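**Student:** structure for the following, please:
(2 chains)
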Amino acid sequence: QQQVKQSPQSLIVQKGGISIINCAYENTAFDYFPWYQQFPGKGPALLIAIRPDVSEKKEGRFTISFNKSAKQFSLHIMDSQPGDSATYFCAASWGFNKFYFGSGTKLNVKP
Amino acid sequence: GAVVSQHPSWVICKSGTSVKIECRSLDFQATTMFWYRQFPKQSLMLMATSNEGSKATYEQGVEKDKFLINHASLTLSTLTVTSAHPEDSSFYICSARARSGVDRSLRQPQHFGDGTRLSIL
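**Tutor:** The predicted structure follows:
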């Protein structure tokens, strides 16, 4: 059973637009929800993360919205730039143990 | 900031050989290290979790005799792919978790390496 489901699989956004990626999780015991950015041939890099006791967290152009009752969380990238073009993964874990990753979203920001 | 180094970054070898991949935490002590495998255009799949000084815990479906993991020190874990075959070709990524309660200044619970591209001919 897939613990974390991510959509869309790919996303094309114009420069300056808003990129939105969604994830849903199954296990209510999860207590840590990070988003990672991965460039080809590189390991994932942490973008932003949230704990379930808050509904939103913003860091620069990146915002996580978290809906505990719906078991969903999303990443919003404001003012998207071509340099944001990468693959994005959501993940979930409890107790900072094993991470369950979503299937990934390939973002392409058009100049 | 915290850095996790993987070596080599890319390796090509013949079918049947064994390949060792190193994962080092450069500026913190990692009590736990995780090994992931990522096939092209797919997500990261956890292979095993290793704690310093003890045997690794493998995920279901991962052959422990084929993927040997050693975590002999707080800064080094190794993954050895034994008798590698073309289907083992993949991107292998490690992550390291700091000792809790000691490294509170670290921003994130797991730090990922830059991965190792393994190609078996």
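
**Student:** just the strands in chain A please.
**Tutor:** A:4-7, A:10-14, A:19-25, A:33-38, A:45-50, A:56-59, A:62-67, A:72-77, A:86-92, A:100-101, A:105-110 (DSSP state E).

**Student:** which one of those strands lies closest to residue B:57?
**Tutor:** Ranking the strands of chain A by proximity to residue B:57 (Cβ to Cβ) places strand A:100-101 first, at 15.4 Å. For glycine as for every other residue, the C-beta is placed from the backbone atoms N, C-alpha and C.

**Student:** and chain B, is the closest one touching that?
**Tutor:** Yes - against chain B, strand A:100-101 shows contacts by Cβ under 8 Å from any Cβ of the partner chain at residue A:101.

**Student:** quick one: low-confidence parts of the chain?
**Tutor:** Assuming you mean chain A. Filtered on pLDDT under 70, chain A yields the residue ranges A:1.

**Student:** you looked at the wrong chain, it should be chain B
**Tutor:** In chain B (pLDDT under 70), the answer is B:1-2, B:100-107.

**Student:** so which bits of it are right by chain A?
**Tutor:** Close to chain A, as judged by Cβ under 8 Å from any Cβ, chain B has residues B:4, B:6, B:34, B:41-46, B:49, B:93, B:95, B:97, B:100, B:107-110, B:112-115, B:117.

**Student:** and the residues you listed, which are buried?
**Tutor:** Buried members of the residues of chain B next to chain A, scored by 16 or more other Cβ atoms under 10 Å in any protein chain shown, are B:4, B:6, B:34, B:43-46, B:49, B:93, B:95, B:97, B:108-110, B:112-115.

**Student:** among those, name the ones in strands.
**Tutor:** B:4, B:6, B:34, B:44, B:45, B:46, B:49, B:93, B:95, B:97, B:112.

**Student:** nearest to residue A:52 among those?
**Tutor:** residue B:97 (20.0 Å).
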